[in-house]
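> What shape does this take:
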Amino acid sequence: MTHISPNDDLERATKVHVTQGESHVSTDPNVVMTTVLGSCIAACIRDPQAGVGGMNHFLLPDAGDGRGGDAVRYGAYAMELLINDLLKRGARRERLEAKIFGGAKLFDGLSDVGASNSAFAERFLRDEGIPIVSSSTGGVSARRVEFWPTSGRVRQRLVAVDNAPQDVRRPVPPPMPAASSGDVDLF
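Now for the predicted structure:
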């Protein structure tokens with residue numbers, strides 16, 4: 001019997017990095033979507049029956065000034081874009097499920113944009129009737145997220161940040177071998 005480690009899955013996968021303001025949808029079981037988040041949010045939404053899923057990455061919940069500005073940076077646009085792209089690929093709204101990540105508070109003395117982002121994503125999905133089946137938001141650590149859109153599997157790695165608020169800053173742990181680097185698989 002051959003043993004396949006989670007890292008082998010990633011090495012064989014076609015990686016699609018989703019950066020701030022982007023959204024990507026796929027039906028390819030060999031695709032893994034990746035992103036790195038601080039206060040930003042990534043929503044991973046899929047239709048398990050249709051075998052289609054996608055990820056977005058947004059910076060702020062909304063423009064805050066009523067003008068909209070560069071729409072791709074904002075949550076409402078990013079969420080609508082992702083959901084519409086999923087529907088175009090055969091997803092059905094009533095079967096969609098979501099996982100959300102990010103929303104950390106990385107800097108002392110600044111407003112907590114991460115908390116606003118998290119609250120926005122939760123409210124948006126609730127209002128759209130899309131259940132959140134898993135989430136990892138808040139805290140003081142950045143996150144590296146890997147999402148397999150057809151299976152719904154997600155792996156999150158916390159990333160040490162030196163700028164965390166002083167009252168919650170923790171010493172950075174010594175580096176661990178790759179197999180035990182704090183990975184969390186969420187199914």
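> Angles on the backbone of residue 85, please.
Dihedral angles of residue 85 (phi, psi; degrees, to the nearest 10) stand at phi -70, psi -40.
> sorry, that was for residue 77
Per-residue torsions, residue 77: phi -60, psi -50 (degrees, to the nearest 10).
> Distance check, it against residue 60.
Residue 77 is 10 Å from residue 60, where distance means CB to CB, to the nearest Å. Backbone N, C-alpha and C define where each C-beta goes, glycine included.
> where do the helices sit along the protein?
6-12, 75-88, 113-128 (DSSP state H).
> now the ones you listed as CSV including mean neighbour count, distance to residue 103 and mean pLDDT?
Shown next, in CSV, are the helices of the chain (neighbours: other CB atoms under 10 Å; distance: least, CB to CB, whole Å; pLDDT from 0 to 100):
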stretch, mean neighbour count, distance to residue 103, mean pLDDT
helix 6-12, 12, 24, 58
helix 75-88, 20, 11, 94
helix 113-128, 18, 4, 94
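> Show me where the protein has its strands.
Counting by DSSP state E, the segments of the chain that form strands are 14-17, 23-26, 31-37, 41-47, 52-56, 97-102, 132-137, 142-147, 154-159, 184-186.
> For the ones you listed, please prepare JSON lines with the additional fields mean neighbour count.
Below are these laid out as JSON lines (neighbours: other CB atoms under 10 Å):
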{"stretch": "strand 14-17", "mean neighbour count": "14"}
{"stretch": "strand 23-26", "mean neighbour count": "23"}
{"stretch": "strand 31-37", "mean neighbour count": "22"}
{"stretch": "strand 41-47", "mean neighbour count": "28"}
{"stretch": "strand 52-56", "mean neighbour count": "28"}
{"stretch": "strand 97-102", "mean neighbour count": "24"}
{"stretch": "strand 132-137", "mean neighbour count": "18"}
{"stretch": "strand 142-147", "mean neighbour count": "22"}
{"stretch": "strand 154-159", "mean neighbour count": "18"}
{"stretch": "strand 184-186", "mean neighbour count": "13"}
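> do you know which of those strands lies nearest residue 88?
Residue 88 lies closest to strand 23-26 among the strands of the chain, at 8.0 Å (CB to CB).
> pull the CA atoms of the closest one into CSV?
The C-alpha coordinates for strand 23-26 follow below in CSV (Å, rounded to 0.1, in the frame of the first residue of the first chain):
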residue,chain,number,x,y,z
SER,A,23,-11.9,35.6,-7.3
HIS,A,24,-11.4,32.2,-8.9
VAL,A,25,-13.8,29.3,-9.6
SER,A,26,-13.0,25.7,-10.7
